[in-house]
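Visitor: structure of the sequence below:
(2 chains)
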Amino acid sequence: MINPIVKGMTGDEAVAWAAKQINPDVIAAYPITPQTIIVERFSDYVNDGLVDTSYIPVESEHSAMSACVGASATGARVFTATASAGLALMYEILYVASGMRLPIVLAVANRAFSAPINIHGECTDQMVCRDASWISLFGETAQEAYDETIMSFKIGENPEIMLPTMFGIEGFIVTHALERVDTLPDKAVKDFLGDKRVIPPCCTFNPFAVGTFGSLVLQDNYMELKRQQEEAMHKAYYVTKNVMAEFSEISGRNYEIIEKYKLEDAEYAFVSYGATAGNAKAVVDRLREKGEKVGTLKIRLYRPYPASDIYEALKGIKAVSVLDRSATFGSPATIAQGDLAAALYGKEDVPTLHGYINGLGGRVLLLPEIEQIYEQSKNYHEEGKALTQDWIGYRR
Amino acid sequence: MVKIVDVRINGRGGQGAVTASRLLAEAAILEGQYVHAFPNFGPERAGAPVTSFSRICSEPFTEKTEVYNPDIVVVIDSSLLGEVQVVEGLKLGGTIICNYEGKIESLKYYFEEVDSKIYKISGTRIAREELGINKPNMVMLGALLKVAPVVKLESLIKVTKERFKGVIGEKNAKAMKRAYNEVEL
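Guide: Now for the predicted structure:
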């Protein structure tokens, strides 16, 4: 373990600081709302000559991701950040990035979509990108924001993977909140990632290799190329595990693709991702003091979905309440609950699943509400309900 | 169970409530404590009421919510008293520190029904005299640390001088020390 340098930073600042240490070749970003402090702070680093990065301010997020695609195709190490409507505007190019197998890293400040206009925390923006063949991570704290920035490059750039990676931290409650962050020395970050991307031959624009990028591929080969993405995504599960193990060693912080908290003897559990997991842990502590057998599971790696790890962690539990800070409408389950149901379906000793859409547009899911969810899950279990879906924390 | 201390700062846009909650948290980090500090973001306008929070604990904690039940409320601007419920959610027996020019008795008139310890400091006057401008945010923290030592005054002075380099930092340090000594129950 390397001795940390302790700093007080917001989630956004922590990402910007990690990006500074990584010193990517190119950052392209749209600098206006809904942008984040991440690229604002990074532009200071560029101005002050602290990084060698080519910083390309563009006229929209669609262009930001397009510029990232072009830069990454030359073999550059590329980073950008966005939020909410900005991510939605990138959506078309997200598929270009993954389809061209470009390991761009994207920090997402998870914020609500319009309308009505809102700038606050909620994870729908990232959740709706889950099928775009991007590796997808969520972070709970400014510390995880810092750490995941560094790990994301290592996962996506692995020559076996070559997929883009996005990681999300929730708007304001993480992005704008000051926390203690244990940072690594610059050299440790450089040693972990290497100075430059490892570029597999024939995978970049360069004068010495022959190849095409993003060309016309119809019925003949399109599906084979998509299948290769799926296989890379499958491998990304193992690569992410290894990268997290390696990072745990140098940082002294224990990283796993899922985080299990007091689950060993638990009869009931919460499942969540992002900052909600912190509140779930606080409630678990309170309930444990009262003698309740309850734990919580945080999903850190959302794509590829760690189905087998989650099944092993939840096997034997009676009922699971999914705290889902993402909106979906007219769906048979909340987004995270639906994925979880698919991961557990047909297996033995699986819990019943109760999904709760909460915390939209910056609304806070209160700790007493999480306790209320726990009580309800016990009732549901007794009533024999296998799957329920509800909203919590809104005025009726 | 380790005690978490929740501090809420009530001020007006432009008075430095956000900076104050941040520097208080940075001082706590400097001492090896753990924090979660942030403003209650809304439409940002100079003069509009704003609140900002610092949650501080000597041990790691995982709560990620706004502060609804503060242990301590710092009121940077006394004109908020008639306008905003500055005691909203304050814990029983909690602490209020108010920037107030009048007598402590007349300040207490605002909090007749409240079970809390009420302190006053002439923050605006100290700020004008020591800094030359009406920026009493750091002055208020100096007073806070006398009545509720959530961090050491030296730690706060250190992070303040890092944030405001040179003469502004020195003046704020002096103003904080003065407020530390002049706060009244």
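
Visitor: C-alpha from now on. contacts and neighbour counts both.
Guide: Fine.

Visitor: show me where chain A has helices.
Guide: A:11-22, A:37-47, A:61-73, A:84-99, A:124-127, A:142-156, A:186-193, A:222-251, A:276-289, A:307-314, A:335-344, A:367-383 (DSSP state H).

Visitor: and the helices in chain B, which stretches?
Guide: For chain B, helices defined by DSSP H occupy the ranges B:17-30, B:104-108, B:123-131, B:137-147, B:153-163, B:167-182.

Visitor: mean neighbour count and distance to chain A added to those, as TSV?
Guide: Compiled in TSV, the helices of chain B are given as follows (neighbours: other CA atoms under 10 Å in any protein chain shown; distance: least, CA to the nearest CA, whole Å):
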stretch	mean neighbour count	distance to chain A
helix B:17-30	26	6
helix B:104-108	14	32
helix B:123-131	21	26
helix B:137-147	26	17
helix B:153-163	18	10
helix B:167-182	20	19
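
Visitor: mean pLDDT lowest for which of those?
Guide: The weakest mean pLDDT among the helices of chain B belongs to helix B:104-108, with a mean of 91.

Visitor: spell out which parts of the stretch 51-200 of chain A neighbour chain B.
Guide: A:F172, A:I173, A:H176, A:A177, A:L178, A:E179, A:R180 (CA under 8 Å from any CA of the partner chain).

Visitor: among these, who's most crowded?
Guide: Per-residue neighbour counts (other CA atoms under 10 Å in any protein chain shown) across those peak at A:L178, which has 33 neighbours.

Visitor: list the residues that contact it.
Guide: Contacts for A:L178 were tallied using CA atoms under 8 Å, 6 or more residues apart in numbering or on different chains; they are A:G8, A:M9, A:T10, A:G11, A:A142, B:R22, B:A25, B:V35, B:H36, B:A37, B:F38.

Visitor: could you redo the last one with a cut-off of 6 Å?
Guide: A:M9, A:T10, B:H36, B:A37 (CA atoms under 6 Å, 6 or more residues apart in numbering or on different chains).

Visitor: also A:G295?
Guide: A:Y261, A:K262, A:L263, A:A266, A:A269, A:V284.

Visitor: quick check, the first one in contact with A:T296.
Guide: So that's A:Y261. Yes - using CA atoms under 6 Å, A:Y261 is in contact with A:T296, at 5.2 Å.

Visitor: before we move on, the earlier item: tabulate the helices of chain B (JSON lines), appending distance to A:D125.
Guide: Shown next, in JSON lines, are these (distance: least, CA to CA, whole Å):
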{"stretch": "helix B:17-30", "distance to A:D125": "28"}
{"stretch": "helix B:104-108", "distance to A:D125": "48"}
{"stretch": "helix B:123-131", "distance to A:D125": "44"}
{"stretch": "helix B:137-147", "distance to A:D125": "37"}
{"stretch": "helix B:153-163", "distance to A:D125": "35"}
{"stretch": "helix B:167-182", "distance to A:D125": "41"}
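
Visitor: what's the closest of those helices to A:L89?
Guide: Of all these, it is helix B:17-30 that lies closest to A:L89, at 31.7 Å by CA to CA.

Visitor: show residues contacting the closest one.
Guide: For helix B:17-30, the external contacting residues (CA under 6 Å, 6+ apart) are A:G8, B:G11, B:V35, B:P39, B:S52, B:F53, B:S54, B:N137, B:V151, B:S155, B:L156.

Visitor: any of these buried? List them.
Guide: A:G8, B:G11, B:V35, B:P39, B:S52, B:F53, B:S54, B:N137, B:V151, B:S155, B:L156 (16 or more other CA atoms under 10 Å in any protein chain shown).
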